[in-house]
Structure formats: structure tokens, C-alpha cells
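Only the shape, not the letters, is given here:
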């Protein structure tokens, strides 16, 4: 069962390899780490939901995945981590289905999402790709693009991995050795903390924190990466209001985000946020109804230092 | 990357260091500032200013390099010794260098708290490095082509100016070590314009990597000098841009210490080259990363 949700921006400037001598956004990284640490403190299991890169030009894992792994590693806590990639332009219905699957099952339906778990942490293809393209008519065109790029990464094999891995290592624990860094308990043969509690209560899944790597429009100001689009504020307001209203079923508001408008406005987090909405609306157990209204807002900080809407939020299940 | 390590005062530096040494003249007649810091309060203000601007070292000199009125040993001491003591008192962690060729003056300033003896006339007084050794001070060895202190070069030719620089500097550095100066406290300086015409100084600059390869910390003193002025046909006062261009090239070649009049501009050039060379992270990066 998803007990906590934490939302952080997918900004590359949070990654150690892009840090200058002083932080570009003072306090942002600290806020993200604090929110993630709070949200995973009692988790046995973390599901990272991130979007594929909109303009992939490298063989590196998606920025969102790397940001998530860096933040998780920075908590110095132990848990199992699962990565779920959603194509940045996935249709809303697909996002909702994916969210439900993540929330209700210990395993996501084969062929839809592949997991990076303890058993296949070296399967970078799983980290890179979201939906598989083979035989799935529902898959958006961009998924094929992402898949093709992801396939290139995967088929390059281990030879490709050490280069990026060494970068991650040198910078102090990025994505490369994420599993080791994030799962010290498992590495030492111990159960992740919280695992025992997870086995009781009839829950189908152990206490799970969903880490959603998502941000709003990158067109909020004239200096913004995508220049100013006045429509951006209205759309971002929907996102912020939805998260701030999580206790009152507000997360459903995320489902009103328009796919094409969000694409125009460079809202990189639309698909992951809709996965969150799908997960939050899913039955909490085999017999239960929807979980609307079951999250309280622990923190929700909003900023846009570079004309990109950043939200750092922690939602905790109350019922 | 070289594994060079050098020490000045209590501080340790490596091959990627690019340090600013700010010139502080205790003279009424130096070519660039023309006595601007001759009054003691003006000199103290200059030290405070360059420290605030990010200078790592101050180089205090009591005698201008060019020919002029002879300044005796006692007068040189009067100009610099008490001043060094006062600067040391006000700036406990500042690296203090004194530009002198006289061993007696060197002894007095080291007793007053200086860290470095800048032997700008190429070992004219062989006892100077022995004094440095006695005080565990750093010493800057310079190439002058063997000219007498405070003389201008006239019709000097070298078969290969860089070879002459290398031979002279290695010999001086080896001697400094042999008399007891710690190896990591010996700095070399090809001394642009000293015993050199403009052709010589530009060749030394172009081939500075050969001096870096010698494995000693390398100081360059380029600031507003005649080789810059003749290269651009510009008088003193209009040579900053040319100085900074030479500074950037020297930094790219790997020189470690820059003796300058303009600290702010030099610091920016050195930091920019350090970033371009991959020796220093950019200060703050958000472009394309937000």
C-alpha cells in the first residue's frame, strides 16, 4: 500500500555532476532531500515514477530517474527501490492504468512496466524503458522513440555502463550504484526496515513510498527555458491546487491536465503526476474502495527560480 | 596532471593552483603606479584593497626595477621592513613576498614576518637564498640573462632564449635546494622583459609549457610590461587587455603565480581559464539544467 507520496522536480541541476561551486537554486536540493527522507523514513519499498526524457540525446538513464536515485541515496536509508518510467507524453488513460497497477499489485502486469528490483538492478533497459512497444497498439509514438533509444542503451551492454557508472561514483553516489547505496540493509542480509509491519494487516503490498519526479511548466517567464507562455500559470495552478487539496480528493484534479497543452507548455511532470492520480485513486486492498481523501499534505513548497515550476511536496496517507 | 605540490608560508598548493600576487610598491617612482602607494597609509590601503579583491600574495618592493636614483641598503630597509611587520600584524594569513636582491634586506623582512623572497635580479646576491633557507622561506628564482640589477637589456641575443631561461632557472633552483631551501618552496620566474627584448618575452610566453614541464611552481610577471606595450604599440596605462591576454595564455600553459597590478581582472581571467581547463567547477550553473 502506498503510505507516502513525495514529489520533487526533475531538474538536472539537482544532480551532483551539474553542480557548480555554489548551488544554482540555494536550498532546493536540501528541501528535496528532507522531503524524500521524511517520506521514506518508514518505507520498506520505494516506487520511483519518472517520465522519459522529452529530448533524449544520450544513452544515459532518464534525468528523472537519476534525480530520484540521487535524492534517495542522499537519505542514507535502506529500502527496496523500483523504477517505473512513463513516457512523458503518455495518454492520461495509460497513466491512470499504470498508477493503479503500481498501487494495487506487487507486480505490474508483464509487458507494461518492467521493474528495477533487487533481482535485475543491472537491467538498465528496465530503468530506461517504460511501456514496451511490441504488440501494444496503445503505446504513444514517443514511447517507440524512447524505446529505441533505450534499446540502444541496453544493447550496448555493460560496456556502456561503467562510463556513466564511474561518473556517478566519482560524484558521490548517483544512479550507478543506486541499489547498493540505497539498500544497505539488503546488502548485509538484513530485512529492510518496515518489512515486518508490511506482512501484517492484509495489505497486498508492503508500506510503499511513491517518489514522483515531476515539475510544472518551463514557460513561466521570459527567461524561462521555453520563454513565456501566459497559459503556463493557469496550468501550474491546477497542479499546485491538486496537490494542496490532496486531503479532499484534489489529486483527481491532475487528471484534468490536457496532454497537448502540457506538452506545449513544457510540463515535464504531467504524465508522472497522472500516474500518481491513478495510484491514489486505486483501491487500497482487494475489497476496499477508492482511496480518495486519504492523504494529508505534510509539506508543499512551490518555487520557480528559473521560470520552471518546482514543487517539493510530501503527502502521507491518513486512512 | 602533474603531481606538483608547492608550499608558501603555511599554505600548500598543487599544479592546478592559479594564484594572484598583487604588486605593492613602496617606491615614489615605479613605472606603472608612479608613487601611488609611496605614502604609508596609501600602501596599507592598497594591501587591504587587494586582499578584499582576492589576492593570494602581496609582493612588496622598495626599489623600482628600472634605472634611477640609487637606493642603499638602509634606505631599502626603511621602505619595507616596518611595513612588512605592520602588514603581517594586520593580515596574519596573507602571504607576503618582498621583491629584493639583497640578502641583508631579505633577512630583515623575514624577521618581520615575510614568507617569500622574490629575487627579481636572478641571484645577483648569492647569499639571498641562504637567508631564505635559514628562515624556511620560499624563494623566487628569476632569469635575467646575468645583467646587473636595475639595468635595461641592450642588444642582448640568445641562441635560444628558452634554453637560457631553463639553464639559468634550473641552476638557481638546484642551488637554492642545495643550500637548504625546501624543494617545494622554490619558485621559478622567466622574468619577462628582464634581460629580454620583446621578441624574447613573447617567445618565452609562447613556450611557457616548457618551463612548466620543469616541475617547479612557475611565476609570471607580465603586468603592463613593455613587451605587451610593444606588441600592441600602446603606452603604459593602456596595456591591461594585452596583459590579460598574455595572462590567459600563461594560465592555459599552466603557470601558477601571476604578479599583477590589477587583481580583479586577473582573478577573473584565471578563474575563467581554470574553468575552461576543467580545474575548477563553474561558479553557478542553471542554463539548460532548470
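Alright, I've got the coordinates. No experiment lies behind these values; they were computed from the predicted model shown.

Show me where chain A has its helices.
A:28-40, A:63-75, A:92-104, A:124-128, A:141-155, A:161-170, A:178-182, A:184-187, A:195-199, A:231-244, A:259-264, A:270-280 (DSSP state H).

In space, what's closest to the residue of chain B found nearest chain A - neighbours in sequence excluded?
Here chain B gets closest to chain A at one residue, residue B:290, 3.4 Å apart by C-beta to the nearest C-beta. C-beta here means a position set from N, CA and C on the backbone, and glycine is covered the same way. Spatial nearest neighbour of residue B:290, excluding adjacent residues (C-beta to C-beta, 6 or more residues apart in numbering or on different chains): residue A:306 at 3.4 Å.

likewise residue A:272?
Counting by C-beta to C-beta, 6+ apart, the residue nearest residue A:272 is residue A:214, at 4.2 Å.

just how off-centre is the longest strand along chain B within its chain?
In terms of residue count, the longest strand belonging to chain B (DSSP state E) is strand B:19-25. How far strand B:19-25 lies from its chain's middle: 7 Å, per C-alpha atoms, centre = their mean, to the nearest Å.

what mean pLDDT would you report for it?
The average pLDDT for strand B:19-25 rounds to 97.

Contacts for it, please.
If you take C-beta atoms under 8 Å, 6 or more residues apart in numbering or on different chains as the criterion, strand B:19-25 is touched by B:13, B:32-33, B:35-38, B:43, B:46-47, B:50, B:53-61, B:64, B:97, B:219, B:223, B:256-261, B:263, B:266-267, B:270.

what about 7 Å?
Contact with strand B:19-25 is made by B:13, B:33, B:37, B:43, B:46-47, B:50, B:54-61, B:97, B:223, B:256-261, B:263, B:266-267, B:270, as judged by C-beta atoms under 7 Å, 6 or more residues apart in numbering or on different chains.

pLDDT weak spots in the stretch 151-300 of chain A?
In the predicted model, the stretch 151-300 of chain A carries pLDDT under 70 at residues A:151-205, A:283-293.

Tell me the residue of it that sits nearest chain B?
residue A:225 (5.9 Å).

and chain B, which of its residues are near chain A?
B:281, B:282, B:283, B:284, B:285, B:286, B:289, B:290 (C-beta under 7 Å from any C-beta of the partner chain).

Does the last one touch residue A:310 like I think?
No. In this structure, residue B:290 is not within contact of residue A:310 by C-beta atoms under 7 Å, at 8.6 Å.

With neighbour numbers in mind, choose between these two.
Neighbours were counted for residue B:290 and for residue A:310 using other C-beta atoms under 10 Å in any protein chain shown; residue A:310 has more, 25 against 22.

what are the bridge partners for that one, then?
Beta-bridge partners recorded for residue A:310 (DSSP bridges): residue A:303.

For it, give me its contacts.
Contacts of residue A:310 (C-beta under 7 Å, 6+ apart): A:9, A:11, A:28, A:215, A:303, A:304.

Excluding chain neighbours, what is closest to the fourth one?
When the adjacent residues along the chain are set aside, residue A:215 lies closest to residue A:9, with 4.1 Å between them (C-beta to C-beta, 6+ apart).

Spell out which parts of chain A neighbour chain B.
A:11, A:12, A:13, A:18, A:19, A:20, A:21, A:22, A:24, A:225, A:306, A:308.

sorry, back to before: list the strands paired with the longest strand of chain B, with their directions.
strand B:57-61 (parallel), strand B:257-260 (parallel).

end to end, how far does stretch B:265-284 reach?
Separation of the first and last residues of stretch B:265-284 by C-alpha to C-alpha, to the nearest Å is 19 Å.

Go through it and flag the buried ones.
Residues of stretch B:265-284 classed as buried by neighbour count (16 or more other C-beta atoms under 10 Å in any protein chain shown): B:265, B:266, B:267, B:269, B:270, B:271, B:273, B:274, B:279, B:280, B:282.

correct me, but the fifth one touches residue B:54?
What that stands for is residue B:270. No. Assessed by C-beta under 7 Å, residue B:270 is found out of contact with residue B:54, at 9.6 Å.

now the spatially most central residue of chain B, which residues is it bridged with?
Note on chain B: the residue nearest the mean C-alpha position is residue B:259, at 4.1 Å, using C-alpha atoms, centre = their mean. As for beta bridges, residue B:259 partners with residue B:21, residue B:221 under DSSP bridges.

residues touching it, list them.
Residue B:259 neighbours (C-beta under 7 Å, 6+ apart): B:21, B:23, B:59, B:219, B:221, B:223.

If we use 10 Å, what do you get?
Residues in contact with residue B:259, defined by C-beta atoms under 10 Å, 6 or more residues apart in numbering or on different chains, are B:19-23, B:57, B:59, B:97, B:99, B:118, B:120, B:140, B:189, B:192, B:219-223, B:266.

just the helices in chain B please.
Under the criterion DSSP H, chain B carries helices at the ranges B:40-52, B:73-90, B:103-111, B:127-134, B:161-178, B:198-206, B:208-212, B:226-232, B:240-253, B:263-276.

mind listing what's buried in the shortest one?
Of the residues in helix B:208-212, those buried by neighbour count under the rule 16+ other C-beta under 10 Å are B:208, B:211, B:212.

which among those gets closest to residue B:229?
Ranked by distance to residue B:229 (C-beta to C-beta), the buried residues of helix B:208-212 are led by residue B:208 at 19.6 Å.

who's in contact with that closest one?
Residue B:208 neighbours (C-beta under 10 Å, 6+ apart): B:162, B:165, B:190, B:218, B:220, B:246, B:249-255.

Ok, residue B:192 next?
Contacts of residue B:192 were listed using C-beta under 10 Å, 6+ apart, and they are B:142-143, B:198, B:200-202, B:204-205, B:220-223, B:225-228, B:246, B:250, B:259.

Buried by neighbour count, from the residues you listed: which ones?
Neighbour counting by 16+ other C-beta under 10 Å classes B:142-143, B:198, B:200-202, B:204-205, B:220-223, B:225-228, B:246, B:250, B:259 among these as buried.

Compute the distance between the residue of chain A found nearest chain B and residue A:217, please.
Nearest residue of chain A to chain B (C-beta to the nearest C-beta) works out as residue A:306 at 3.4 Å. Applying C-beta to C-beta, to the nearest Å, one obtains 12 Å for the distance of residue A:306 from residue A:217.

before we move on, what about residue B:40?
Residue B:40 is 61 Å from residue A:217, by C-beta to C-beta.

Looking at those two, which has the bigger crowd around it?
Each of residue B:40 and residue A:217 has its neighbours counted (other C-beta under 10 Å); residue A:217 has more, 29 against 13.

burial of the nearest residue to the more buried one once chain neighbours are set aside, as a residue count?
Nearest residue to residue A:217, sequence neighbours excluded (C-beta to C-beta, 6+ apart): residue A:232, at 3.6 Å. For residue A:232, the count of nearby residues is 27 (other C-beta under 10 Å).

Enumerate every residue touching residue A:232.
A:216-221, A:224, A:226, A:261-262, A:264-267, A:304, A:307-309.

now do 8 Å
Residue A:232 touches A:216, A:217, A:219, A:220, A:265, A:309, counting by C-beta under 8 Å, 6+ apart.

Output those residues in JSON lines; the columns should cover distance to residue B:2.
JSON lines is the format used below for those (distance: C-beta to C-beta, whole Å):
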{"residue": "A:216", "distance to residue B:2": "48"}
{"residue": "A:217", "distance to residue B:2": "48"}
{"residue": "A:219", "distance to residue B:2": "47"}
{"residue": "A:220", "distance to residue B:2": "47"}
{"residue": "A:265", "distance to residue B:2": "50"}
{"residue": "A:309", "distance to residue B:2": "47"}
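
State the distance from the nearest residue to residue A:255 once chain neighbours are set aside to residue A:94.
Of all residues not flanking residue A:255 in the chain, residue A:277 sits nearest, at 5.2 Å (C-beta to C-beta, 6+ apart). From residue A:277 across to residue A:94, the span is 12 Å (C-beta to C-beta).

Emit the ChimeraX select command for whichever of the residues of chain A next to chain B are buried.
Per 16+ other C-beta under 10 Å, the buried members of the residues of chain A next to chain B correspond to this ChimeraX selection:
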select /A:11,12,13,18,19,20,24,225,306,308
